[in-house]
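Asker: Test case, fold it:
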Amino acid sequence: MLPIKETLRTLVAWSFATLLLTILMVLASVHNLFQKKNRKLVAVKAFPRPLPKRDDLQFYAHMLGLDLLEYHILTPDGFEIVIQRLVNPNKEVSSKPILLLHGLLQSSASFLSSGRKSIAYYLLMNGYDVWLGNNRCGFHPTHMVFKDNDPKMWDWEIHEMATFDLKTMIEHVKNATNSQSINLCCHSQGGTQVFYLLANRNLEHIDKLVCLAPAVFGGEMINDRLLFRFMRWLSPTGYDWLFGIQAFMPIMMKVRSVLYRYKLFDFCAYAMFNYLFEWNDTLWDPEIRSIHFLFSPVYVSAKLMKWWLSDSVGYAHQKSVFDNGDWAKIEEELPRIFCVLGSKDLLVDGKKLMNSFQSPVVTYLELKEYAHLDVLWSDDVIQDIAEPMLNFLKQ
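Answerer: Have a look, this model is predicted:
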């Protein structure tokens, strides 16, 4: 039984989340009506045939003629996390392992939901042993001791995700493949986890690192959006009462679990992301947009969202999330790094990150028409990103 105060706080947070989600949905829907899109023709089908909506990434892997093996592993602080291995049953497993790690509110599916036009599929077809990582909680929060209504289960932010989740995944891939080192590709918050370990001299056994829109320096959007400004304005106590001290707005995941089969969910999910972040799907294949949103959002802690918007972190002020991110001091310890930046990405400022490096081991590619999710889901992601990424990995 939770104490009366915690029960009351949970009720307040759920009520506020329901009200906030309703208001945002109305605003997002109106905003979406006035969006103009100029699409080009889609040349390549993502999947061999039209597919039903299923909350099962393995199903979509099978439709590509692939297997998706799933492993449940434990972090040192007791969380069960899921890591997946993409396998071509008609070929021997490669000796070149690469781990792909998703961003905030996303899952491993973000690297595969584009089917034959996804980064995961392309790497597998080009001889890599592809592993898909998932951070703690995901779709089914599981801990060896705590229940999901226990605030202790949600007492974590980026430190734990980097130090425990990411390092546990790296060790698992190393051990499973008998490799001394692996390659790593991360998107957005996945990049935050990586650079957190780099800044603290705590990332080992990485051969080459690819970062897609890494979230290290905040973009101008953080100060533009009323919702983010409101969340930053709240005192720590006010934030805890309105957003709780457990999962962040869990009603989003409840809505997803009920509505994901319907077109309404696809519209609502896209409209919400478009309204909050000014991303659009102009560069995406419209036939598979609904598949992308089948696998997000996922459960994260309210404490993590507070961390992102905290004045002490710096991201909300378009600064680095790390006080000790002086890369010049540790250049000799860095793996070779290749970053992909989108010029229209207003959520992160990749150029500031690149300008903070002096080392020739760090190179980057900037794409003028790309925003934050386009680096995963653009219809041209293979030629624009995956092919240069493969060239980097082969060097």
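Asker: Could you point out which residue ranges in this protein have low pLDDT?
Answerer: Where the chain drops to pLDDT under 70, the residues are 1-2, 36-43, 323-329.
Asker: Kindly recompute the last result at 80.
Answerer: By pLDDT under 80, the low-scoring segments of the chain are 1-3, 5, 33-43, 49-51, 94, 311-314, 316-319, 322-333, 358-360.
Asker: could you pull out the strands for it?
Answerer: 67-74, 80-87, 97-101, 129-133, 182-187, 206-212, 336-342, 362-367 (DSSP state E).
Asker: need these in CSV with mean neighbour count, can you?
Answerer: Just so you know, the C-beta spots here come from the backbone N, C-alpha and C atoms, and that holds for glycine as well. CSV is the format used below for those (neighbours: other CB atoms under 10 Å):
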stretch, mean neighbour count
strand 67-74, 14
strand 80-87, 21
strand 97-101, 25
strand 129-133, 26
strand 182-187, 26
strand 206-212, 23
strand 336-342, 22
strand 362-367, 17
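Asker: how about the ones you listed in CSV, adding distance to Ala247?
Answerer: Listed next are the strands of the chain as CSV, based on distance: least, CB to CB, whole Å:
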stretch, distance to Ala247
strand 67-74, 20
strand 80-87, 16
strand 97-101, 21
strand 129-133, 20
strand 182-187, 22
strand 206-212, 26
strand 336-342, 29
strand 362-367, 34
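Asker: Among those strands, which comes closest to Pro141?
Answerer: Taking CB to CB, strand 80-87 is the member of the strands of the chain nearest to Pro141, at 8.9 Å.
Asker: ok and the closest one relative to strand 129-133, angle-wise?
Answerer: Comparing the axes of strand 80-87 and strand 129-133 via axes from the mean of the first three to the mean of the last three CA atoms, to 10 degrees yields an angle of 150 degrees.
Asker: Direction included, what does strand 80-87 pair up with?
Answerer: strand 67-74 (antiparallel), strand 129-133 (antiparallel) (DSSP bridges).
Asker: neighbouring contacts of the shortest one?
Answerer: Read that as strand 129-133. 68, 81, 83-86, 93-102, 108, 111-112, 120, 123-124, 165-166, 169, 173, 177, 190 (CB atoms under 8 Å, 6 or more residues apart in numbering).
Asker: still on that earlier bit, can you lay out the strands paired with strand 80-87 as CSV showing distance to Cys268?
Answerer: Listed next are those as CSV, based on distance: least, CB to CB, whole Å:
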stretch, distance to Cys268
strand 67-74, 27
strand 129-133, 26
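Asker: Which of these sits closest to Val348?
Answerer: strand 129-133 (19.8 Å).
Asker: Going by neighbour count, list what's buried in the longest helix seen in the chain.
Answerer: In the chain, assigned by DSSP state H, the helix with the most residues is helix 4-33. Neighbour counts over helix 4-33 (16 or more other CB atoms under 10 Å) mark 6, 9-10, 13-14, 16-17, 20-21, 24-25, 27-28, 32 as buried.
Asker: out of the residues you listed, who's nearest Glu157?
Answerer: Ala13 (17.5 Å).
Asker: For the closest one, which residues are in contact?
Answerer: Counted by CB under 8 Å, 6+ apart, Ala13 has contacts 241-244, 246, 302.
Asker: can you check Lys117 too?
Answerer: 44, 46, 285, 379, 381-382.
Asker: Buried ones among these?
Answerer: Buried among the contacts of Lys117 by 16+ other CB under 10 Å: 46, 285, 379, 381-382.
Asker: Closest one of those to Gly314?
Answerer: Using CB to CB, Val381 comes nearest to Gly314 of the buried ones among the contacts of Lys117, at 30.3 Å.
Asker: Let me know whether the closest one touches Ser113 as I believe.
Answerer: No - with contact defined as CB atoms under 8 Å, Val381 does not reach Ser113; the gap is 11.5 Å.
Asker: sorry, back to before: so which of the contacts of Lys117 are in helices?
Answerer: Those of the contacts of Lys117 lying in helices (DSSP H): Val381.
Asker: now, which of the contacts of Lys117 sits nearest Ile206?
Answerer: For the contacts of Lys117, the nearest to Ile206 is Val381 (22.9 Å; CB to CB).
Asker: circling back: and the contacts of Lys117, which is closest to Asn135?
Answerer: Val381 (22.3 Å).
Asker: Against Tyr364, how distant is the closest one?
Answerer: Val381 is 16 Å from Tyr364, where distance means CB to CB, to the nearest Å.
Asker: Same question for Phe357.
Answerer: From Phe357 over to Tyr364 (counting by CB to CB), the distance is 9 Å.
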